[in-house]
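K.L.:
okay, predicted coordinates and the sequence, questions at the end:
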Amino acid sequence: HVQLVESGGGSVQAGGSLRLSCARAGPTSSDYCTGWFRQTPGKEREGVASIDSVGITTYADSVKGRFTISKDNAKNTLYLQMSSLKPEDTAMYYCAARFYQSCTAKPDDYDVWGQGTQVTVS
């Protein structure tokens, strides 16, 4: 089965940058959607960015122009480059895979989740 492992979180000052990585293990395929979500205590998990099987990307309005999602199929790794970080970006970030070619912003539509990596912006 597919497993996802995030890395790259940490603490950064406002205006700084971080790059999150999500390594896929197990049966691999580029023919599905992968995305990044985030969650803060007491709030619902929200979609941040996604990339579908043909490379079409979507972003939440709150991160457009600041975050970039990408994937390296040869390395079975998904990335989230985050720039111009704001305190409101502080959250636990999760990568997820949806075993369909197209993406959605609904967490319930995703089939596999990583354990999360904490991002703190001060």
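P.N.:
All right, it came through fine.
K.L.:
for the most centrally placed residue in the chain, phi and psi?
P.N.:
Closest residue to the average C-alpha location of the chain: Trp36 at 2.0 Å, with C-alpha atoms, centre = their mean. The phi/psi pair for Trp36 (degrees, to the nearest 10) reads phi -120, psi 140.
K.L.:
now swap in the one 3 residues further on and tell me
P.N.:
Phi and psi for Gln39, reported as degrees, to the nearest 10, are phi -150, psi 140.
K.L.:
ok, the one 4 residues further on next?
P.N.:
Dihedral angles of Lys43 (phi, psi; degrees, to the nearest 10) stand at phi -120, psi 160.
K.L.:
what is the burial count for it?
P.N.:
As a burial measure, Lys43 scores 9 neighbours (other C-beta atoms under 10 Å). In this view, the C-beta of every residue, glycine as well, is placed from N, C-alpha and C.
K.L.:
what do you get for Asp61?
P.N.:
6.
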